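S.K.: Kindly return the folded structure for what I paste below:
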Amino acid sequence: ALIAGYTKQIRVGAAGVLLALKSPLKIAQTYKLLDNLYEARIDLGLAKGSADAEKIKELLDGGDFNTNFNQYYERVNKIISFMNDQDPKNNIPPVDGSVPEVWILGTSKTSIDYLVRTQTNFSLSLFHQMQLVPSPEIIKELKEKFYHTHQKEPVVNIAISAICSADKTVIKEVAKQTNNIKFNFTGDFDAFLQYLDELQNEYQVEEIIINNLGRNMDEKLMLMEAMGKKEKVLNNLL
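M.R.: Numbering: from 1, shown residues only. Down below sits the predicted model:
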């Protein structure tokens, strides 16, 4: 809300709200309100993730995580229904107001059939802890099935983690603080720009979400300046 309030044009949102740990109605209320306050430029990303045991206990406050986790898609459907005023018992003001774009954040192809059926946007995470980085074939398969069904391309992006540093000590220290995150990129400024180009070509996406792993503002700014340089080059080409 703060970022949206300080800006006028950029889209703002969460890449992955952990749906098993939140009330679908509360999520729908919060994000629909934000979308109507800030000119329909809010993104709502939903994720089938977990947290440590103590956090789960406090967040659920007596609820059952496993039940919520297993009912993931039903809970996604509830949110979409609430925001679009399809449930007369739970109309969320403003009625008939704008609705944020909904994204599913995932690491595999298990969501493909749901995404095609509901025409929901998809963000493929390359940084959540797993043995192998998800293949570009996941997006290719989604695009083929989506186009076959709807005769149009789905809206997709990828999410990566990165830190602009070649210092092994820094990387090791950051790794200790982010033990559930795979590092997609560590290196210098120019190598990062090249890496983004390679990713874009490999996964055939127009948007990349970047989880900036810098621990302080100086470390974060190195990555942000690289992204700014990339944008400037693109604008000059356009």
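S.K.: and for stretch 169-178, what are the contacting residues?
M.R.: Ser161, Ile163, Ser165, Phe183, Thr186, Leu213, Arg215, Glu219 (CB atoms under 8 Å, 6 or more residues apart in numbering). All C-beta spots, glycine's among them, are computed from the backbone N, C-alpha and C.
S.K.: Where helices are concerned, which of these count?
M.R.: Using DSSP state H, the subset of the contacts of stretch 169-178 located in helices is Glu219.
S.K.: Among the contacts of stretch 169-178, which lie within strands?
M.R.: Taking DSSP state E, the ones among these that sit in strands are Ser161, Ile163, Thr186.
S.K.: Most neighbours among the residues you listed, which one?
M.R.: Most neighbours among the ones in strands among the contacts of stretch 169-178, by other CB atoms under 10 Å: Ile163, with 26 neighbours.
S.K.: beta partners of it?
M.R.: Thr186 (DSSP bridges).
S.K.: is it true that it touches Asn216?
M.R.: No: contact between Ile163 and Asn216 fails when scored by CB atoms under 8 Å: they sit 11.4 Å apart.
S.K.: Check Ser165 and give its pLDDT.
M.R.: Looking at Ser165, its pLDDT is 84.
S.K.: Begin at 516, not 1, for the rest of this chat.
M.R.: Okay, residue one is now 516; in that scheme the one you just asked about reads as Ser680.
S.K.: what ranges do the helices span in this protein?
M.R.: Taking DSSP H, the helices of the chain run over residues 517-521, 539-552, 568-575, 580-585, 587-598, 627-633, 652-665, 683-692, 704-718, 732-752.
S.K.: what's around Ala690, how many residues?
M.R.: Counted with other CB under 10 Å, the neighbours of Ala690 add up to 15.
S.K.: From Gln646, how far out is it?
M.R.: According to CB to CB, to the nearest Å, Ala690 and Gln646 sit 17 Å apart.
S.K.: ditto for Glu668
M.R.: Distance, Glu668 to Gln646, by CB to CB: 30 Å.
S.K.: Ok, Ser596 next?
M.R.: As judged by CB to CB, Ser596 and Gln646 stand 36 Å apart.
S.K.: export the helices of the chain to CSV and tack on mean pLDDT?
M.R.: Formatted as CSV, the helices of the chain follow (pLDDT from 0 to 100):
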stretch, mean pLDDT
helix 517-521, 95
helix 539-552, 96
helix 568-575, 86
helix 580-585, 94
helix 587-598, 94
helix 627-633, 97
helix 652-665, 98
helix 683-692, 86
helix 704-718, 91
helix 732-752, 75
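S.K.: nearest to Val614, of the ones you listed?
M.R.: Closest approach to Val614 among the helices of the chain is made by helix 587-598 (4.6 Å; CB to CB).
S.K.: on contacts alone, who are the packing partners of the closest one?
M.R.: Here helix 587-598 touches helix 539-552, strand 557-562, strand 616-621, helix 627-633, going by 3 or more CB pairs under 8 Å, 6 or more residues apart in numbering; DSSP states H and E.
S.K.: got the angle between it and helix 539-552?
M.R.: 50 degrees (axes from the mean of the first three to the mean of the last three CA atoms, to 10 degrees).
S.K.: how many other residues sit next to the nearest residue to Val671 once chain neighbours are set aside?
M.R.: With sequence-adjacent residues excluded and distances taken as CB to CB, 6 or more residues apart in numbering, Val671 is closest to Phe637, at 4.9 Å. By the criterion of other CB under 10 Å, Phe637 has 24 neighbours.
S.K.: Look up how far Lys660 lies from Phe637.
M.R.: With CB to CB as the criterion, Phe637 and Lys660 are 11 Å apart.
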